[in-house]
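J.: Generate coordinates for the sequence data below:
(one chain, ligands or ions: 1)
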Amino acid sequence: MLKIGILLGDDIGLEVVPEAVKVMKAAAAKTGLEIEWHPLPIGRKAHEEFGHTIPPGTEERLRGLHGWLMGPIGHSAYPQKDPTWVMPPFRKTFELFASVKPVRSYANIPSVHKDMDVVFVREATEGLARAGTVVAGSGEFRPNDEISIGMRVVTRKGANRVARVACEIATTRSRKVVTTVHKAPTFKLVCGMFAEECHKAVKDYPGVKMQDVLIDSFALKLAMKPQQFDVVVTTNTFGDILTDLGAGLAGGLGLAPGMCVGETQAMAQATHGSAPDIAGRGIANPYAMIMSGKMMLEWLGHKHNEPKAVETAAVIDAAVDRVIAAARELTSDLGGTATTQQMGSAIAAAV
Ligand code: ATP
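T.: The predicted structure is shown next:
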């Protein structure tokens, strides 16, 4: 049995997260996977009700869950410098150190490339230090008005554990090749340590092959022929840029799911923001949130030895494939006329 939280978030989160839950419930009913659902307050609605965007109790209850669906937070519209209006720092609080983002193309959806199936695993807690990642002080400083200095952090532990996530994901795929992306010949210590730890980690995964590609050359290869990559592991800032490039190659934000994982917990979170410009109109594409939920089930299934969760994820995958291939119930960003709910219901029915 899995314990899963539902955090709607703001704006289109209120529309797309319920569709993800609908699809996950339908798929779990089919495979017999038991899920205990825990709706928890977060964001603007939580502020209206409890006076805080992360009300007391929400974090504590998340600690007891295997994972949760996290809707987007419309933080850019929050009042500034008011401590009751904050962006949830869940990655840091729960040490969700790996951000996993797949990039996949579909035959009938316009994209720069076809036949892409790449999974990016980005280290999410180290890299270029900033206020959000340091305990005291800042990773940046300006000794005088002409000079600014920033620091980059790579630790053996951080590099090794993110490489393990990449290797574990590779074991579930057919090609089983992990590409480590860095620039070790130039950044000998930081990138060097990252690469070294990746190669140490892969030794524990006998079926997995590892190759190194330098960041600049990788950007070129990804843009020209992304089909050559399977799983990609990289440091925080390189990953930040490459995952957006990947999402762009595959067809944009509506098609970019994601999750953040730690040692045992996972948070399903689409790449897109809360999209206030289209909120409340029922036109947001629920794909990214649904597929984020699917990824979380698959990962939790492997991690907690729940084969039914892996099976449930496969059922969702196949249902999404069918709805996209049929092209009858797609939202307008995918060239269709369906509402968020119609697309979600079509996927749930295809399950
Ligand atoms: P943030 O700063 O919170 O990351 P943002 O304002 O940079 O977010 P988004 O909120 O992701 O960006 O929206 C960017 C554009 O993509 C908007 O025009 C929005 O309408 C569109 N968009 C985002 N998500 C979706 C979706 N699920 N379906 C359709 N369009 C979307």
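J.: switch to C-alpha atoms for all contacts and neighbour counts from now on
T.: Will do.
J.: could you pull out the strands for the stretch 151-300 of the chain?
T.: In the stretch 151-300 of the chain, the segments counted as strands under DSSP state E, counting those that start in this stretch are 152-153, 177-182, 209-214, 231-234, 259-261, 266-268.
J.: In a markdown table, list those strands along with mean pLDDT and mean neighbour count.
T.: Below are the strands of the stretch 151-300 of the chain laid out as a markdown table (pLDDT from 0 to 100; neighbours: other Cα atoms under 10 Å):
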| stretch | mean pLDDT | mean neighbour count |
| --- | --- | --- |
| strand 152-153 | 93 | 16 |
| strand 177-182 | 98 | 25 |
| strand 209-214 | 98 | 16 |
| strand 231-234 | 98 | 28 |
| strand 259-261 | 98 | 26 |
| strand 266-268 | 98 | 28 |
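J.: tell me the phi and psi of Val103?
T.: phi -130, psi 110 (degrees, to the nearest 10).
J.: now for the worst-scoring helix or strand of the chain on mean pLDDT, which elements pack on it?
T.: One helix or strand of the chain scores below all others by mean pLDDT, DSSP states H and E: strand 127-128, with a mean of 89. Judged by 3 or more Cα pairs under 8 Å, 6 or more residues apart in numbering; DSSP states H and E, strand 127-128 is in contact with strand 152-153, helix 236-250.
J.: Now render the strands of the stretch 151-300 of the chain as TSV, adding distance to Arg164.
T.: TSV is the format used below for the strands of the stretch 151-300 of the chain (distance: least, Cα to Cα, whole Å):
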stretch	distance to Arg164
strand 152-153	19
strand 177-182	10
strand 209-214	12
strand 231-234	10
strand 259-261	12
strand 266-268	15
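J.: now those as TSV including distance to the ligand?
T.: Converted to TSV, the strands of the stretch 151-300 of the chain look like this (distance: least, Cα to the nearest ligand atom, whole Å):
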stretch	distance to the ligand
strand 152-153	23
strand 177-182	24
strand 209-214	28
strand 231-234	21
strand 259-261	15
strand 266-268	14
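J.: among those, which is nearest Val100?
T.: With Cα to Cα as the criterion, Val100 lies closest to strand 259-261 of these, at 5.3 Å.
J.: The closest one - contacts with which helices or strands?
T.: Partner elements for strand 259-261 (3+ Cα pairs under 8 Å, 6+ apart): strand 98-104, strand 266-268, helix 287-303.
J.: how about low-confidence regions in this structure?
T.: 131-133 (pLDDT under 70).
J.: For it, which residues are neighbours of the ligand?
T.: 74, 253-254, 272-275, 277-278, 284-286, 333 (Cα under 6 Å from any ligand atom).
J.: Out of those, which is nearest to Asn108?
T.: Asp333 (13.1 Å).
J.: looking at this, the closest one is in a helix?
T.: Yes. Under DSSP: H, G, I helix; E, B strand; the rest coil, Asp333 sits within a helix.
J.: was I right about it contacting Gly254?
T.: Yes. If you go by Cα atoms under 8 Å, Asp333 and Gly254 touch, sitting 7.4 Å apart.
J.: mind listing what Gly336 touches?
T.: Residues near Gly336 by Cα atoms under 8 Å, 6 or more residues apart in numbering: Ala327, Arg328, Glu329, Leu330.
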